[in-house]
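# Here is the input, now give the coordinates:
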Amino acid sequence: MVPRLHQCRGRSPDRHRHRRAGAARVHPPNLPATVSAVVPGALNRIFAVVQLIKDSGKATDAISNDLGIVGTAQPQPDYTTLQPVISAVIFGNHVNLKWGWGGYSAWLDSCEIQVDRGDGKGFGFLTIDTTPGYTDTQPFPTAKTVWTYRAIYRQGDGQVGVWSAPVSLAVGG
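Here you go, the predicted model:
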């Protein structure tokens with residue numbers, strides 16, 4: 001049986017849950033008579049027990065592997081080949097750029113995005129973004145123009161990997 005750790009510590013693991021004002025409460029269907037309900041917060045209790053086991057210092061690697069509480073370490077990426085994947089869509093009078101970490105958020109700090117506004121100046125700095133997804137709020141030109149975006153990951157103060165494939169959109173007009 002799993003101990004009720006939150007009672008021993010005098011606090012509820014759900015203490016940080018907040019409900020939006022006026023949000024409807026969802027009630028699950030009644031369970032069949034042969035099934036017993038689980039007290040809310042079961043996963044929190046399981047995670048707490050796993051953390052206690054890991055922190056105890058008594059769980060050897062063999063014990064942890066047998067219990068299945070040790071994951072495999074993800075290898076560090078090859079910084080010379082990392083390449084962001086980006087896409088762009090027009091939403092109203094802005095361009096929404098979608099990008100993600102490609103599974104390497106633990107090793108990357110940000111994504112630098114550049115844009116070529118079709119004005120003959122080539123690519124120029126747009127932003128360094130630390131949260132996937134970016135909205136370019138530059139007003140659209142009056143004449144139809146093609147804007148092209150590209151991105152590269154950053155670690156610390158430097159660029160890593162290679163530039164993404166460019167993505168172009170016709171804007172304005």
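# What distance do you get for the residue of the chain most remote from its centre to Val39?
Distance to the chain centre peaks in the chain at Ala33, reaching 40.3 Å (criterion: CA atoms, centre = their mean). Note on Ala33: its distance to Val39, by CB to CB, to the nearest Å, is 18 Å. For the C-beta atoms, the positions are set from N, CA and C on the backbone; glycine is no exception.
# Next: Gln83.
In terms of CB to CB, Gln83 sits 47 Å off from Val39.
# okay, these two: which has more neighbours?
Gln83 (14 against 8; other CB atoms under 10 Å).
# Surely that one and Val160 touch.
No. Counting by CB atoms under 8 Å, Gln83 sits too far from Val160 to count as a contact (10.1 Å).
# Start from the N-terminal end of this structure and give the helices.
For the chain, the helices defined by DSSP state H cover 5-8, 42-55, 61-67.
# helices or strands up against the last one?
Translated: helix 61-67. On a contact count with 3 or more CB pairs under 8 Å, 6 or more residues apart in numbering; DSSP states H and E, helix 61-67 meets helix 42-55.
# Report the distance from the helix it packs on to the chain centre.
24 Å (CA atoms, centre = their mean, to the nearest Å).
# Buried residues in that helix, which are they?
Residues 45, 48, 50 are the ones in helix 42-55 that count as buried (16 or more other CB atoms under 10 Å).
# same deal with stretch 96-115?
97, 99, 104, 107-108, 110-115.
# That one spans what distance, first to last residue?
End-to-end distance of stretch 96-115 (CA to CA, to the nearest Å): 13 Å.
# before we move on, what about stretch 82-89?
First-to-last residue span, stretch 82-89, CA to CA: 23 Å.
# contacts for it?
Stretch 82-89 has contacts (CB atoms under 8 Å, 6 or more residues apart in numbering) with 95-100, 102, 104, 108, 111, 113, 149-153, 160-165, 167-169.
# all strands of the chain, in order?
For the chain, applying DSSP state E gives strands covering 86-91, 94-99, 110-116, 124-129, 134-136, 145-155, 158-160, 167-171.
# For Asp66, find the nearest of those strands.
Closest to Asp66 of these is strand 145-155 (CB to CB; 36.5 Å).
# And that closest one, what's buried?
For strand 145-155, by 16+ other CB under 10 Å, it's 147-155.
# quick one: contacts for the nearest residue to Gln83 once chain neighbours are set aside?
Spatial nearest neighbour of Gln83, chain neighbours left out: Val162 (4.9 Å); criterion: CB to CB, 6 or more residues apart in numbering. Shown in contact with Val162 (CB under 8 Å, 6+ apart): 80-83, 152.
# Check Trp107 too.
Taking CB under 8 Å, 6+ apart as the contact definition, Trp107 lies against 76-77, 155.
# Fine by me, we can end here.
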